[in-house]
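Participant: Pasting the sequence and the predicted model now:
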Amino acid sequence: MKVRAIIGALCAAGMVYGTAQAAEQVEVLHWWTSGGEAKAVGVLKDDLDKQGYQWKDYAVAGGGGAAAMTALKTQVISGNPPSAAQIKGPLIQEWAQQDVLVPIDAAATDWDKNLPPAIDKIIKYQGKTVGAPFSVHRVNWLWINKAALDKAGAQPPKTWPEFFALADKFKAAGLIPVAAGGQPWQDLTLWEDVVLSQGNDFYKKAIVDLDQKTLTSEQMVQVFDTVRKITTYFDKGHAGRDWNLATSMVIQGKAGMQFMGDWAKGEFANASKVPGKDYVCSPAPGSEKGYTFNVDSFVFFKEKGQSAATPGQLALAKTIMTPDFQEQFSLYKGSIPVRLGVNMDKFDDCAKASYADEQSAIKGGGYVPSLAHGMAQGDAVAGAITDVVTKFMNSDEDSKTAVAELAKAAKTK
Ligand code: GAL
């Protein structure tokens, strides 16, 4: 009996007949397909390969991940989930409630000590760790072509009047003032920047608390007015344009600026561009005291007949949180490590600014979840608000009508 028990345990650990075992395949669903993104996720693939696992890439193109989420639902419903998928924010809880995820506590032994408490909470479900966090992206950035800025004799705009003055100068110089990609998540990214420019409390009341009084306020009408005015600086070709193509317009100096999270920095870096020399990163006007965070993570799905994480899933989770991976991933991705205490020496000035601003925003109450990137609300409310904003930005609807629709969308169950 005793021997049998030992053999059983060894078999379970893959130590008997183990030499004949094929490498475990780990299928990974994500939407990191732009130049910088692909480089960053490539670090994880290489790390896994080195550990003897076989990475099966399931990349679904489309910034913001809407297409990837649709693909994921189909896979799970058809009983064929990937080993891991890129999910974040309240959506982690929504998937965990469906009882389709496996906990990864065995890989997460010291994570709670090494993560900001707000993030540690997001990746846990009923006391168990179900998500592995990659990095922190700041969403409320404005990216500006440095040569164009210098030619205009201007400074990065700190207020909306300064922003519009600069946009006018870019226009007069024959540039597209604002490079935009007319996709719903990009519309929402810009809109939430303008909401944040009204103050951290306004943002929290409107977007986190969904406070009806704030959502229907005159100030919210002004938010839509400002967004409308910004859209007049887009070029005609913006509809449906991918975010990285818009970034590339700024890189090439065809456009003056872009509102985008700092994954855009991954594109600048991939094109060997240096902050302060070739481009400038500046908080979106009026939002310097705020920090809209967006933390990417992987969750791990129960594979057929399994209730615990496989060795490959645990290896994946463990690798994601190692200091070395955290550093290299963020260097390519444009983000900063989510793990506390990772050395920032190798990072550029924008990442260092992001890190410093993160610390002061946490202290000052301005560290707020991004709605456009799935950190603030669940699927239903976020989707309903996105529809309102995108409809407004792609029609000539007036701001008051949009505000009334916004208040209704916030009540979506
Ligand atoms: C965000 C994601 C980022 C970034 C971006 C564009 O939602 O969190 O990692 O890659 O989409 O694809």
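Facilitator: Great, that's in hand.
Participant: what about L406, which SS state?
Facilitator: helix (DSSP: H, G, I helix; E, B strand; the rest coil).
Participant: can I assume H137 sits in a strand?
Facilitator: Yes - H137 forms part of a strand when assessed by three-state DSSP.
Participant: Can you give me the first-to-last residue distance of stretch 60-70?
Facilitator: This stretch, stretch 60-70, spans 10 Å end to end (CA to CA, to the nearest Å).
Participant: For the residue of the stretch 301-413 of the chain found nearest the ligand, the count of nearby residues, please.
Facilitator: When scored by CB to the nearest ligand atom, the stretch 301-413 of the chain has H373 as its residue closest to the ligand, at 4.4 Å. The C-beta positions use only the backbone N, C-alpha and C, and glycine is treated the same way. Using other CB atoms under 10 Å, H373 has 25 neighbouring residues.
Participant: Now it, what are its backbone angles?
Facilitator: Dihedral pair for H373: phi -120, psi 30, per degrees, to the nearest 10.
Participant: That one reaches N294, doesn't it?
Facilitator: Yes - assessed by CB atoms under 8 Å, H373 is found in contact with N294 at 3.9 Å.
Participant: between these two, what contacts are shared?
Facilitator: 88, 137, 139, 261 (CB atoms under 8 Å, 6 or more residues apart in numbering).
Participant: Now do the same for the closest residue to A269 other than its chain neighbours: helix, strand or coil?
Facilitator: Nearest residue to A269, sequence neighbours excluded (CB to CB, 6 or more residues apart in numbering): G36, at 6.2 Å. Three-state call for G36 (three-state DSSP): helix.
Participant: so what's G36 scoring on pLDDT?
Facilitator: Looking at G36, its pLDDT reads 98.
Participant: For it, grab the count of nearby residues.
Facilitator: G36 has 23 nearby residues by other CB under 10 Å.
Participant: what sits against it?
Facilitator: 244, 263, 265-267, 269-270, 332-334.
Participant: could you check the distance from it over to A409?
Facilitator: 32 Å (CB to CB, to the nearest Å).
Participant: rewinding a little: show me which pair in the contacts of G36 is furthest apart.
Facilitator: N244 and Y332 (13.7 Å; CB to CB).
Participant: need the residues of the stretch 301-413 of the chain near the ligand, please.
Facilitator: By the rule CB under 6 Å from any ligand atom, the part of the stretch 301-413 of the chain lying against the ligand is H373.
Participant: out of the contacts of G36, which are inside strands?
Facilitator: Judged by DSSP state E, the contacts of G36 include no members of strands.
Participant: give me the beta-bridge partners of T129?
Facilitator: K124 (DSSP bridges).
Participant: mind listing what it touches?
Facilitator: Neighbours of T129 in contact, by CB under 8 Å, 6+ apart: 103-105, 107-108, 111, 123.
Participant: Serialize the residues you listed to CSV and add fields for secondary structure.
Facilitator: Shown next, in CSV, are those (three-state DSSP):
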residue, secondary structure
P103, coil
I104, coil
D105, helix
A107, helix
A108, coil
W111, coil
I123, coil
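Participant: what subset of the residues you listed is also close to the ligand?
Facilitator: Restricting the contacts of T129 to those near the ligand - CB under 6 Å from any ligand atom - leaves none.
Participant: For the chain, which segments are assigned as strands?
Facilitator: With strands called from DSSP E, the chain shows them at 25-30, 54-59, 84-86, 124-125, 128-129, 131-138, 141-145, 176-178, 255-259, 279-283, 291-300, 336-337, 367-369.
Participant: need those strands in a markdown table with mean pLDDT, can you?
Facilitator: As requested, the strands of the chain are exported to a markdown table (pLDDT from 0 to 100):
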| stretch | mean pLDDT |
| --- | --- |
| strand 25-30 | 98 |
| strand 54-59 | 98 |
| strand 84-86 | 98 |
| strand 124-125 | 97 |
| strand 128-129 | 98 |
| strand 131-138 | 98 |
| strand 141-145 | 99 |
| strand 176-178 | 98 |
| strand 255-259 | 98 |
| strand 279-283 | 98 |
| strand 291-300 | 98 |
| strand 336-337 | 98 |
| strand 367-369 | 96 |
